[in-house]
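Predicted model follows, preceded by the sequence.
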Amino acid sequence: MKLKVAIAQIDIALGEPKHNQQTVAYYAKKAAEVNADVLIYPEMWNTGYALADLNQLADNNGQDSQMLLSKLAKQYHLNIVGGSVAIKQNHQFYNTMFVFDALGQKVSEYNKLHLFGLMNEEKYVSAGSAVNTFDLAGVKSAAAICYDIRFPEWLRTMMSVGPQEILYVVAEWPIQRIEQWQIMLQARAIENQAFVVAANRVGRDKDNVFGGRSLIIDPLGHIVQQALDIQETLLIGHIDIDDEKAVRGQIPIFDDRRPELYY
């Protein structure tokens with residue numbers, strides 16, 4: 001089975017949800033024009049890290065974001081991994097990912113599990129507590145948000161259920177640690193014998209410059225496609241799920257695990 005995957009490596013206007021919604025819609029149209037099967041956006045695309053202003057900016061119950069992503073998925077017949085957005089729910093704020101299939105139906109909702117102290121995320125946002133696994137475009141998949149990738153035990157927890165064949169990652173990863181971003185994603189691909197599709201933003205906010213380098217990695221850790229310029233782009237790549245199955249057949253790591261000893 002083959003998939004054409006599109007990654008929207010976009011800039012995010014800090015604290016301007018309406019502007020960012022227009023950007024998201026524009027890149028859905030571009031993905032549809034190249035007949036992509038799956039489109040993925042970066043982290044916190046509705047507000048950026050305007051954490052101190054979430055009471056005014058966060059999407060109430062994620063309603064606006066979900067409505068937009070569902071509409072775009074259905075209109076363009078796209079499976080959409082909706083990056084993540086800042087939402088307000090029951091008087092708390094979350095960094096939340098929504099995933100929609102090509103019929104516009106929501107197949108997953110995930111609150112970021114690991115909150116990033118260097119950007120004071122834990123002072124404003126509540127952490128999630130559930131796995132994020134789903135079927136998308138006929139493929140068993142999992143997804144994580146930014147800082148989550150520094151916790152391989154968490155990703156293994158998700159990836160070993162099934163096991164999953166694609167790991168989607170969305171991020172606002174700063175440029176000064178962009179080499180670690182790539183290395184860790186390649187490691188996550190190898191150790192889970194899965195494709196990794198990762199969307200990072202570009203641009204800057206008042207405190208950070210973001211490094212882009214969105215990429216697609218195969219189960220052997222090879223880079224299939226990569227955005228090397230630090231600018232907005234729609235990155236297109238192809239995934240052949242049969243390649244992943246061949247790798248797993250050679251080294252059956254999921255069969256050989258001994259999780260009773262790991263915890």
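Cool, got the structure. Keep in mind that this is a model prediction, so the values were computed, not measured.

Please make it C-alpha for all contacts and neighbour counts, starting now.
OK.

just checking, what packs against the helix or strand encompassing residue 157?
Assigned by DSSP states H and E, residue 157 falls within helix 152-159. Helix 152-159 sits against strand 139-145, helix 178-192, with contacts defined as 3 or more Cα pairs under 8 Å, 6 or more residues apart in numbering; DSSP states H and E.

what about the first one, average pLDDT?
I take that to be strand 139-145. What strand 139-145 shows for mean pLDDT is 97.

before we move on, the earlier item: flag every buried residue along the helix holding residue 157.
155, 156, 158, 159 (16 or more other Cα atoms under 10 Å).

what residues are up against the third one?
Translated: residue 158. By Cα atoms under 8 Å, 6 or more residues apart in numbering, the contact set of residue 158 is 131, 132, 133, 142, 164.

and what of the second one?
By Cα under 8 Å, 6+ apart, the residues touching residue 156 are residue 192.

For residue 197, see how far away it is.
According to Cα to Cα, to the nearest Å, residue 156 and residue 197 sit 16 Å apart.

What is the neighbour count of residue 228?
11 (other Cα atoms under 10 Å).

quick one, helices of the chain?
17-33, 54-57, 63-76, 121-124, 152-159, 178-192, 241-250, 253-256 (DSSP state H).

Those helices: which one's closest to residue 223?
helix 178-192 (8.0 Å; Cα to Cα).

Could you list the buried residues of that closest one?
181, 182, 185, 186, 187, 188, 189, 190, 191, 192.

Let's see if you can find the most crowded of the contacts of residue 158.
residue 142 (25 neighbours).

now that one, nearest residue through space, not along the chain?
residue 133 (4.3 Å; Cα to Cα, 6 or more residues apart in numbering).

right, and the one you found touches residue 141 too?
Yes - counting by Cα atoms under 8 Å, residue 141 is a contact partner of residue 133 at 5.7 Å.

circling back to that earlier point, any idea which of the helices of the chain gets closest to residue 45?
Closest among those, using Cα to Cα: helix 17-33, at 6.5 Å.

Give me the residues contacting that closest one.
6, 8, 10, 12-13, 39, 41, 45-47, 57, 68, 72, 76-78, 234.
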